[in-house]
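In: prediction below, plus the sequence it came from.
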Amino acid sequence: MASDDIWILGIAMTKFGKHSDKDIVDLGAEAVMAALTDAGVSMREIGVLAAGNLMGGGGFGQMLQKQVGQTGIPVYNVTNACATGATALRTAIMAVKAGEVKFGLAVGAEKLAGAGLLGGGGSAKKDGNKWEPKGRFGSVAPTDGRIGTDTMPGTFAQVGMEYGHKYGGVSFELFARISEKNHAHSTLNPMAAYQKQFTLDEIMNDMMIAYPNTRPMCSANCDGAAAAVVCSGETLKTLSLEQQRRAIKVSASVLTTDPYQESCQVLPDVNTLTRNAAKIAYEQAGVAPSDLDLVELHDCFATAELVHYDNLMLCPEGGAVDFFDSGATWRTGSTPVNVSGGLESKGHPIAATGIANIWEICHHLRNEAGNRQIADAKVGLAHVIGLGSACGIHILERSGR
Amino acid sequence: MSTQIPHVNYLELGDRPHLVANECTGCKARFFDRRNACANCFGTDFRKAAVATEGVLKAFTIVAFAAPGVPVPFVAGIVDCAGTSVRGNVINVDPTPDKVTLGMKVRLATYSLGTDDEGVEAVGFGFEPVS
């Protein structure tokens, strides 16, 4: 191993779901303690903590230290929409890469069970009795619902439909079949919030949220946390053979934002920044999309999964529909996507998601994924998108020892 | 005579209602809100530009579940107005996948949001199918 390589030494996630007896600190601490045990290091050795939490009140990292060990190390409290977890991991990696610390700890935790609809306010908006222009658009009345939609299901529905307008071939049924795949995958994942298999009819006839996304086609709001310990190749060489054997190489760690595109002011562009991040990641890792044994991508809605097949270059440009129709992304296919069940069934506790998807990949690369193991998995890719936008991509490889 | 006020400041009312963008004089990128510098080329000179009132529906969703107080269902969409992408609802149409389709031609239409206590009528916009 090269001295300046970055390795995941330990990683853990809590079960995703409803944890009514635990707060974000409890959940984060559970993930941290398990990640430290997995890594074989103690809080004393950790040089930096990057702590992700989006919906809480702030100061999560320091609250977490009180729960697991206050050593006076720097804490970076990280928020970056749904890319918060990946951003926390990237922060810890940068500190290790810069040579400032030997061991970095990243954690993401969220309480989201029962949160309901995200985006679009969530509370009643009352028009005043005098029209008064307000805000950047000088609007005299709320715009959500009158000038398009601010809701997440509606926004990502349009993302999928835009792909259909550009390349053709999309339909309500196509998007529902993507959801059918992920729910089928979830039945093998005991860490998933939901492990229920749905028939295509059940998915299409469930409650419509924002056409073409019905309820099971939307990410599941739930509670959860995930944490990871990272170190350099130089440090790893000094550790035990067992630690070296189980360590997973971070072959690429990339974070991008959305560059200007003509329509990005009216519909967030989740495509260009993902494609840019993927290009950089494949180059950093020296890996081609065809080398990937499994992919965990950001299926916040079934309509989003489709476009990311293309953005991650898993298929030729414009070919995402044919790619899915070929069966490639089922766990039995050539490029299994979201064998964890994805955000639609494993769940999406926002800040945890960008580390939990890496836990899933590591689990397979370590050959520890039990009955959902992808046989002989050597290389995997984890992707998240935070609307606004931020994209995190990590490519992971097993050590080969 | 009643007076009118647009729902948003980039809607120009009058005989031929249309949308107005802030256009970068350097690269012609268009913005509906104010910008300190162009997001594309960082230029700082902008001029007002009228946006075409007809276009093609390039993305849509039929929102069935929204924030409290927002009437559903409604059709939210993105319209390509001769190269300028515009966000708006598709109105004067049944909000069903049978009636709303990708690529359909639409045009700007206005409607009343109501009249306030001082007799001022707010006017909003959407896009309706070109029949």
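Out: Cool, the structure landed.

In: what's the first-to-last distance across stretch A:318-331?
Out: Taking CA to CA, to the nearest Å, the span from the opening residue of stretch A:318-331 to its closing residue is 22 Å.

In: what do you get for stretch A:214-234?
Out: Stretch A:214-234 has an end-to-end distance of 49 Å (CA to CA).

In: what are the buried residues along that stretch?
Out: Residues of stretch A:214-234 classed as buried by neighbour count (16 or more other CB atoms under 10 Å in any protein chain shown): A:214, A:216-233. From N, CA and C alone the C-beta is placed, and that goes for glycine too.

In: go through those residues and flag which are in strands.
Out: Secondary structure assignment (DSSP state E) places A:214, A:224-232 from the buried residues of stretch A:214-234 within strands.

In: if I pick the residue nearest the centre of chain B, what's in contact with it?
Out: Central residue check for chain B by CA atoms, centre = their mean: the C-alpha nearest the mean position is that of B:Gly88, 4.5 Å away. For B:Gly88, the contacting residues are A:147-148, B:76-77, B:79, B:125-127, taking CB atoms under 8 Å, 6 or more residues apart in numbering or on different chains as the criterion.

In: still on that earlier bit, redo the ones in strands among the buried residues of stretch A:214-234 as CSV? Include pLDDT and distance to B:Gly119.
Out: Compiled in CSV, these are given as follows (pLDDT from 0 to 100; distance: CB to CB, whole Å):
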residue, pLDDT, distance to B:Gly119
A:Thr214, 98, 44
A:Gly224, 98, 54
A:Ala225, 98, 56
A:Ala226, 98, 58
A:Ala227, 98, 60
A:Ala228, 98, 62
A:Val229, 98, 67
A:Val230, 98, 65
A:Cys231, 98, 70
A:Ser232, 97, 71
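
In: looking at those residues, which one is closest to chain B?
Out: Compare each of those with chain B using CB to the nearest CB and the shortest gap goes to A:Thr214, at 9.1 Å.

In: how about the contacts made by the closest one?
Out: A:176, A:203-208.

In: contacts with chain B among those residues, please.
Out: Restricting the contacts of A:Thr214 to those within reach of chain B (CB under 8 Å from any CB of the partner chain) leaves A:207-208.

In: mind checking which of the contacts of A:Thr214 are buried?
Out: So, of the contacts of A:Thr214, A:176, A:203-204, A:206, A:208 end up buried under the neighbour-count rule (16+ other CB under 10 Å).

In: for the closest residue in space to A:Ala220 that isn't next to it in sequence, grab phi and psi.
Out: Leaving out its chain neighbours, the residue that sits closest to A:Ala220 by CB to CB, 6 or more residues apart in numbering or on different chains is A:Gly347, at 4.3 Å. With angles defined as degrees, to the nearest 10, A:Gly347 shows backbone torsions of phi 110, psi 170.

In: got a list of what A:Asn311 touches?
Out: Under the criterion of CB under 8 Å, 6+ apart, the contact partners of A:Asn311 comprise A:270-271, A:274-275, A:278.

In: give me the subset of the residues you listed lying in helices.
Out: A:274-275, A:278 (DSSP state H).

In: now those residues: which count as buried?
Out: Using 16+ other CB under 10 Å as the burial test, the ones in helices among the contacts of A:Asn311 include A:274-275, A:278 as buried.

In: redo those as a markdown table? Include pLDDT.
Out: As requested, these are arranged in a markdown table below (pLDDT from 0 to 100):
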| residue | pLDDT |
| --- | --- |
| A:Thr274 | 98 |
| A:Arg275 | 98 |
| A:Ala278 | 98 |
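
In: from these, which is closest to A:Gly392?
Out: Distance to A:Gly392 across those (CB to CB) is lowest for A:Thr274, with 9.9 Å.

In: now do the same contact list for the closest one.
Out: If a contact means CB under 8 Å, 6+ apart, then A:Thr274 has A:256, A:308, A:311-312, A:383, A:385, A:391, A:393 as its contacts.

In: roughly how far apart are it and chain B?
Out: Separation of A:Thr274 from chain B (CB to the nearest CB, to the nearest Å) stands at 17 Å.

In: now that residue: how far from A:Leu312?
Out: Taken as CB to CB, to the nearest Å, the spacing of A:Thr274 relative to A:Leu312 amounts to 7 Å.

In: go on, A:Val229?
Out: Relative to A:Leu312, A:Val229 is positioned 27 Å away (CB to CB).

In: the chain: helices as residue ranges?
Out: The chain I'm using is chain A. Chain-ordered helices for chain A, with DSSP H as the definition, fall at A:24-39, A:60-68, A:84-97, A:152-167, A:172-186, A:200-205, A:233-236, A:241-246, A:272-285, A:302-311, A:320-325, A:342-345, A:350-365.

In: one more: chain B?
Out: Under DSSP H, chain B gives no helices.

In: show me where pLDDT drops low in it?
Out: Across chain B, the stretches falling below the confidence threshold (pLDDT under 70) are B:1-2.

In: over to chain A?
Out: A:120-128, A:400-401.

In: please repeat the previous calculation with a cut-off of 90.
Out: A:1-4, A:57, A:114-129, A:399-401 (pLDDT under 90).

In: related to what we said a few turns ago, what's the most distant pair in the contacts of A:Thr274?
Out: Longest span within the contacts of A:Thr274, CB to CB: A:Thr256 and A:His308, 13.7 Å.
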